[in-house]
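Peer 1: What follows is a protein structure lacking sequence information:
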Ligand SMILES: Nc1ncnc2c1ncn2[C@@H]1O[C@H](COP(=O)(O)OP(=O)(O)O)[C@@H](O)[C@H]1O
Ligand SMILES: [Mg+2]
């Protein structure tokens, strides 16, 4: 017996086929208008469901990633700082390193686009179906130091599980708390064993990291594992933030 549209809607909801539900009326009209074979209509209807599921999955992955913007390399101006390692950035963006369980360190001057590139790589990873976690390092570590033990265990697990972990602006505040340094050591160590990638960005040269960690043996083991199977991208140049602020000042006399 033929179902009414209401019954069809209800059944699609019951079967969790909201992608079909969303476009069905259009597909019915389309089929009538073009008198296409059933198999063609059916393929379109299935594709609608697939499309919706994929985009929902991507949305969910993006929300879980901790990113605050969908950065891309398309809107990056490579002429502004011609010394940036452009080829290495695009290589990173292919995400081959995630498959290999390798790491990347993006080190250099403030405002040169380190976070932008790291976010673009992270966003690309969500599009390619990887589980990723982007964190501003200092606030994540501060949160960890202030948490109760069971909460700390949860945070630790959340740092180990993703295929790619991005620690943005490590050592922004120079010295980090002992608990944070231990967390960093443990995360680097365990992800190294699991062959899961880490991307770190920092304004601080690697040679000084020992000072900020407060314990040189520990910084040695952290660096050992971060640097083994890793690429180093050095960002030399002038600050894009300053350029934007100067342009704003010239335009309307305000800085924010
Ligand atoms: N070459 C560039 N082209 C376009 N935008 C840039 C460029 N470099 C930096 N930016 C922008 O300037 C701002 C600061 O860059 P950011 O990536 O946060 O720098 P960093 O992390 O190195 O301090 C961001 O809004 C970023 O998108
Ligand atoms: Mg930054």
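Peer 2: Yep, it's here. Since this is a predicted model, take the numbers as computed values, not measurements. Ligands and ions are numbered 1, 2, ... in the order given.
Peer 1: Could you pick out the residues of this structure near ligand 2 for me?
Peer 2: 115, 169 (CB under 5 Å from the ion). All C-beta atoms are positioned from the backbone trio N, CA, C, and that covers glycine.
Peer 1: So in the chain, which helix runs the longest?
Peer 2: helix 38-65 (DSSP state H).
Peer 1: Around ligand 1, pick out the residues from the stretch 151-256 of the chain.
Peer 2: 201, 240-241 (CB under 6 Å from any ligand atom).
Peer 1: Now do the longest helix of the chain: distance to the chain's middle.
Peer 2: Computed by CA atoms, centre = their mean, to the nearest Å, the chain-centroid distance of helix 38-65 equals 22 Å.
Peer 1: The stretch 151-256 of the chain: helices as residue ranges?
Peer 2: 178-194, 209-213, 216-227, 240-252 (DSSP state H, counting those that start in this stretch).
Peer 1: Adding mean neighbour count, mean pLDDT and distance to residue 44, write those out as TSV.
Peer 2: TSV is the format used below for these (neighbours: other CB atoms under 10 Å; pLDDT from 0 to 100; distance: least, CB to CB, whole Å):
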stretch	mean neighbour count	mean pLDDT	distance to residue 44
helix 178-194	17	92	42
helix 209-213	18	84	55
helix 216-227	16	83	49
helix 240-252	12	86	45
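Peer 1: closest to residue 91 out of the ones you listed?
Peer 2: Across the helices of the stretch 151-256 of the chain, residue 91 has its closest neighbour in helix 216-227 (17.5 Å, CB to CB).
Peer 1: tell me what that closest one is packed against?
Peer 2: strand 103-108, helix 178-194, helix 209-213 (3 or more CB pairs under 8 Å, 6 or more residues apart in numbering; DSSP states H and E).
Peer 1: For residue 82, find the nearest of the helices of the stretch 151-256 of the chain.
Peer 2: Closest among the helices of the stretch 151-256 of the chain, using CB to CB: helix 240-252, at 13.1 Å.
Peer 1: for the closest one, packing partners?
Peer 2: Counting by 3+ CB pairs under 8 Å, 6+ apart, helix 240-252 packs on no helix or strand.
Peer 1: next one: it to chain centre, how far?
Peer 2: Taking mean C-alpha positions (CA atoms, centre = their mean), helix 240-252 and its chain are 28 Å apart.
Peer 1: And stretch 30-43, by the same measure?
Peer 2: Per CA atoms, centre = their mean, the centroid offset for stretch 30-43 relative to its chain is 40 Å.
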